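Visitor: Coordinates for the following, if possible.
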Amino acid sequence: MDEYAKEIADLEAQIEAMADAEEDPKVIAESEMERDVLRAIYRQAQVLFDMGRPDRNLQAHLVLRGYGPWTLDNVYAFTYETAVDLPAATQRDFIHEIGGTDFAGLLQDGPFPGPG
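Guide: Numbering: from 1, shown residues only. Prediction:
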């Protein structure tokens, strides 16, 4: 299990503990939303990472953007930082927007400003 999957699993355990302790439903809902956002970003980072393993062009674009070599950490950083800038009216829209984004296409589009 990598650090991102562990972070999501830890958050899930916290949510379960809050629910068992009957904590504030609003706090639980906010934590669930955070978990869902992290899951969506992680899922997209994994897809992009797998797509780029055999693709030297994608790998080169990650380097050009300043994220370094093709590792899950660097691909996740690109995916996370790109996702944060996606337009969305609500958190649910944000999760949907992340899931529907072509991160490989965005990676290959210029200009290449580097990580945020």
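Visitor: Mind listing what's buried along stretch 49-60?
Guide: Taking 16 or more other CB atoms under 10 Å as the neighbour-count basis, stretch 49-60 is seen to contain the buried residues 49, 52, 58, 59. In this view, the C-beta of every residue, glycine as well, is placed from N, C-alpha and C.
Visitor: nope, stretch 12-24 is what I meant
Guide: The neighbour-count check on stretch 12-24 (16+ other CB under 10 Å) flags 15, 18 as buried.
Visitor: who's in contact with the residue nearest to residue 99 when sequence neighbours are not counted?
Guide: Excluding its sequence neighbours, the residue lying closest to residue 99 (CB to CB, 6 or more residues apart in numbering) is residue 40, at 5.4 Å. Shown in contact with residue 40 (CB atoms under 8 Å, 6 or more residues apart in numbering): 83, 95, 98, 99.
Visitor: right, and residue 45 touches residue 74 too?
Guide: No. The pair residue 45 / residue 74 is not scored as a contact, 9.7 Å apart, by CB atoms under 8 Å.
Visitor: quick one: low-confidence ranges for the chain?
Guide: Residues of the chain meeting the criterion pLDDT under 70: 110-116.
Visitor: can you give me the strands for it?
Guide: According to DSSP state E, the chain carries no segments that qualify as strands.
Visitor: the helices in it, which residues?
Guide: Using DSSP state H, the helices assigned to the chain run over residues 3-20, 25-52, 56-64, 72-84, 91-99, 103-108.
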